[in-house]
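Have a look; sequence and predicted model below, questions after that.
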Amino acid sequence: MTEALTLNKITSQKGISIGEATRLIADLGWTPSYVQDAMAIPTDYKISKPPRDPMKQVLRSYFPMQEEKDNRVYGALDAALRGDMFRNVEPRWIEWMKLFLAIIPFPEISAARSMAPLGQLAPGDHLRTGFTMQMVDEFRHSTIQMNLKKWYMENYIDPAGFDITEKAFGKCAATTIGRQFGEAFLTGDAITASNIYLQVAAETAFTNTLFVAMPSEAARNGDYALPTVFLSVQSDESRHIGNGHSMLMSVLKEPDNHLLLERDIRYSFWQNHMIVDAIIGTIIEYGTKNRDKNKESYAELWHRWIFEDYYRTYMLPLEKYGIKIHHDDVHEAFDSIVKKGYVHKFAQSISAGWWATFWRIEAQTERDFEWFEAKYPGWYDEFGAWWENYEKLSKPGSEIITFADTGYVYPHRCWSSLVPCVVREDFCVDEVDGELFTYASEVDRWTHKEAFAAEYQGRPTPAMGRFSGRRQWEEVYDGWDLADAIVDMGFVRPDGKTLIAQPHMSFEEKDMWTLDHVRGHTIRSPLLALRELKPEARAKHVEDYRKGFKIRRI
Amino acid sequence: MSGRVMEQEQRSAAAGAKTFPGSDSRAYNYFEPKGRRATHYEDVTVDVQPDPERYLLQNWIISFGDGTPTYSKECTALKSSDWHLYRAPDQEWERTHYQRQSTICGMIKNVIDNARRAGAPRRFDKAWVKILQDHLGAFKHAEYGLGTALMRAQRYGYTQMINNAILTNSSYKLRLAQDLTLYLGEIALDIEGFDVDAGKRNWLENSIWQKARELVESARGAEDFLEQYFIVNVLFEPLVGELFRSGFVMQVAATQSDYSSPAVISAAEADYERNLANTVELFATLVRDPAHGEDNRRLLQDWFDKYSPIATQAALDLQPIWSQPRVKSAQFAESYASAINRLQAIVSEIGVFSTQIPMPELQVAEPVE
């Protein structure tokens, strides 16, 4: 029997092999002889071994592939509207997208910018195509996410919060945490920032919770748009993970780099944990209405994606190259989620400051309690009263929960991660350059005092970044009335009085809080207050803070 | 009433299901559109990179070791009263970028596949084959060098609009460098003796290309990211890039039995029209700046004075290439005059100066056959 004739057999012709194509493309570079290249972003690392290109893809196939992915994304968004997605979507979920999508385009575009130093610092030109694709990918992610947010704004019942999104990103205490994440991709030592923090930690480990676990939860809440966009985004991440690993292997070759690698892997893993787990954990567990007990909790997701996939198969093998891995940090991060209620305490703290946000935070109710208790035994005893109080105080005119007599202690903010110091027993303080700072944990203290310094274990590290700016939101508004701060941030609806943030999901005007409801309370910076105390009083305060609190029902 | 404010009487979460304060606020309201209404490009681009002078309440929260913040106005010597005014005329965002790049990739692939299937490369004039091997082969390195210079430059702009315009420019240049590399690699499969490595040797050693290489290395070497952008689009492109692409390859190839090379390289001309529009708009905005316009104009003039001799010589050094085809269908003098006119139009449009750029006396060495 003769073989069937196919069009492909008729039209195929011998082409250039992938190996030869990538060889020729890698040979496009040269060593300049007339003018030396401009300075790259500085690094304290030495890099002499050219990184290899693990993907061996060329732009000619990359652009059509990406266009096809885009076509699927935009087709799905159209289909979601035709299918009346917003009729059935859970508002509790979409509200949290106001936070998430305010943050994420900036880290994305920061990643695009960070391909500049990596492209310059990598010896040879083998990985330049990989960096080019990542640069364009990140541009894709940033604008596709801005487009998704615009789409929510145009089609969801309450657009307030989406309409001020990039302004809100610059103003809100919660988004500052995201700015710490995004700025860390491209500021300071170029290898620390763009290779280790961005590619090796954020992209290789934490995009799994960001861009895989979270979209799954979106789908459970009737939101098919987020999975469509973000799984498409995640499909680009494998390329970035490859870039990162290849660059890391190049950096590893130089024994002089090992001390810095130990520092940077430790800092990057821990801070990614602090930031991503706080925000994404909260969105997944507190932004959902789905309480299927068969689904994985965030702790279970973390164990699968971070502990098993990343720690065991990516971090641990680095030891054979002589890199010290801080196993205790990984176990501590997991324990903080499973045993110390890190995500729950962050959710509690963000709901305590609901008035300073630009989205609605709904109370957790009995159905939610049951799920939490099943997944995190003992949860109700620790957090049940808080959410019952929160619901009771969600009616406008009620006492603001932050100031109500519940026993809650407004948290200090960590100088390193900018996340509130919610695991009270881990709270610590230290002095740097004669000034007192507060930290969520020992690793955060180490990050500020030892890692982000001009010298590390006796080795000069002039390229390392520094923490700067007015890092603590509470310090900016210390002494301000709540209402004035909210107006200053612009978190007010177009009528000039109704808050964008609401502690409930009612869309009735009568149920909505206005500036008048929150006026009369003053914001205080816990750090400034602590600095004013005498040493003995400070020590007592720290000791008391570490004891935590017990919420009283009101 | 119990503490619960809201029971789910509200079933639909679709726009318009309820009316309440803010329920009709369905446009990004934190920036001034350039036109009457915000374009899609503006919506997905403006203010994604924040600025302490706009909404960045707490300022940049990480700095470099020397105290420089994440983004700094000091990355260029040009000044602006408002960096946020700039909008890229090509309005490119991810979807339009991929659509355009993908269309070009498809077009080029079809042209090359069909030409090879038809046996066209084997019919190229022999002298022309050597020109493609040596000079188009050298030129691909120039495009690559410019793409990498712009990849660096896209890090430093003070707004998202500027950085994204430079990013897409880099993407176009690097795609073209690969287009040419793969094209030459593919026709080499059909042309006996075609040396795919000759282009790099010519780029590094042939005196014809050395000033062009110096100019490209100047673009890679400038510390000021807008100086890099200026060298690429104001000087290299009209005087060397277009001169070689439009003024030579696209005019001469057909008479050498080559219809594929002009098609492959033509995409670059369309790329440049967009990148040039972005460039002119940016620099013209800075020259028109009410507070810094004249200082900016003088700096652009300085850059012009510094690099135009290299660019002009780079262009003139290419002249021998026009003599190499067996069938001569273009004159260097004409192509060069077009390049100078183009440069004149660009600097006038930006507002750098309006005086006439001198045109050297060129001997018409090559008779048209």
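Cool, the structure landed.

Indicate whether the helix or strand harbouring residue B:97 makes contact with chain A.
Residue B:97 belongs to helix B:94-117 when elements are defined using DSSP states H and E. Yes. Using Cβ under 8 Å from any Cβ of the partner chain, helix B:94-117 reaches chain A at B:94-95, B:97-99, B:101-102, B:104-106, B:108-109, B:113, B:116-117. C-betas here are computed from N, CA, C, even on glycine.

Would you tell me whether the helix or strand that that helix is followed by gets close to chain A?
Once helix B:94-117 ends, the next helix or strand along the chain (criterion: DSSP H and E) is helix B:120-123. No. Helix B:120-123 stays clear of chain A (Cβ under 8 Å from any Cβ), getting no nearer than 11.7 Å.

Out of the helices and strands in chain A, which is least certain?
helix A:7-11 (a mean of 78; mean pLDDT, DSSP states H and E).

Please export the C-alpha coordinates of the next helix-or-strand element following that one as PDB.
Next in sequence after helix A:7-11, counting helices and strands by DSSP H and E, comes helix A:18-26. The C-alpha trace of helix A:18-26 is given here as PDB (Å, rounded to 0.1, in the frame of the first residue of the first chain):
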ATOM      1  CA  ILE A  18      17.800  24.900  14.600                       C
ATOM      2  CA  GLY A  19      21.400  24.300  15.700                       C
ATOM      3  CA  GLU A  20      22.800  26.100  12.800                       C
ATOM      4  CA  ALA A  21      20.300  28.900  13.100                       C
ATOM      5  CA  THR A  22      21.100  29.600  16.700                       C
ATOM      6  CA  ARG A  23      24.800  29.300  16.000                       C
ATOM      7  CA  LEU A  24      24.500  32.000  13.400                       C
ATOM      8  CA  ILE A  25      22.300  34.200  15.500                       C
ATOM      9  CA  ALA A  26      24.700  33.900  18.500                       C
END
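
Can you list the helices and strands that helix A:18-26 packs against?
helix A:128-155, helix B:160-187 (3 or more Cβ pairs under 8 Å, 6 or more residues apart in numbering or on different chains; DSSP states H and E).

Now render the ones you listed as a markdown table, adding mean neighbour count.
Putting the helices and strands packed on helix A:18-26 into a markdown table (neighbours: other Cβ atoms under 10 Å in any protein chain shown) gives the following:
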| stretch | mean neighbour count |
| --- | --- |
| helix A:128-155 | 24 |
| helix B:160-187 | 26 |
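
Just send the ones you listed back as TSV, with mean pLDDT and distance to residue A:442 too.
Putting the helices and strands packed on helix A:18-26 into TSV (pLDDT from 0 to 100; distance: least, Cβ to Cβ, whole Å) gives the following:
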stretch	mean pLDDT	distance to residue A:442
helix A:128-155	97	33
helix B:160-187	98	37
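
Out of those helices, flag the one nearest residue A:283.
helix A:128-155 (14.3 Å; Cβ to Cβ).

Name the next helix or strand following the closest one along the chain.
The C-terminal neighbour of helix A:128-155 among helices and strands, as given by DSSP H and E, is helix A:165-171.

next structured bit after that next one?
helix A:173-183.

For that following helix, give me every contacting residue.
A:99, A:102-104, A:106-107, A:110, A:168-169, A:202, A:271-272, A:275-276, A:278-279, A:350, A:353, A:356-357, A:417-419, A:471, A:473-474, B:50, B:58, B:60-62, B:70 (Cβ atoms under 8 Å, 6 or more residues apart in numbering or on different chains).

Same check on stretch A:520-529?
Applying Cβ under 8 Å, 6+ apart, the contact partners of stretch A:520-529 are A:400, A:402-403, A:410-413, A:436-438, A:472, A:474-475, A:477-483, A:485.

Apart from its neighbours in sequence, what residue is nearest residue A:340?
Nearest residue to residue A:340, sequence neighbours excluded (Cβ to Cβ, 6 or more residues apart in numbering or on different chains): residue A:423, at 4.8 Å.

sorry, back to before: redo the helices and strands packed on helix A:18-26 as TSV? Include distance to residue A:24.
TSV is the format used below for the helices and strands packed on helix A:18-26 (distance: least, Cβ to Cβ, whole Å):
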stretch	distance to residue A:24
helix A:128-155	11
helix B:160-187	5
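
Select, out of these, the one closest to residue A:396.
helix A:128-155 (24.6 Å).

That closest one vs chain B: in contact?
Yes. Remark: helix A:128-155 sits within contact range of chain B at A:128-129, A:131-132, A:135-136, A:139-144, A:146-147, A:150, A:153-155, by Cβ under 8 Å from any Cβ.

I'd guess residue B:241 is in a helix, am I close?
Yes. Counting by DSSP: H, G, I helix; E, B strand; the rest coil, residue B:241 falls inside a helix.

since we're on the nearest residue to it once chain neighbours are set aside, how many residues are nearby?
Closest residue to residue B:241 apart from its sequence neighbours, by Cβ to Cβ, 6+ apart: residue B:272 at 6.7 Å. By the criterion of other Cβ atoms under 10 Å in any protein chain shown, residue B:272 has 23 neighbours.

Same question for the one 3 residues further on.
As a burial measure, the neighbour count of residue B:275 was computed by other Cβ under 10 Å and equals 26.
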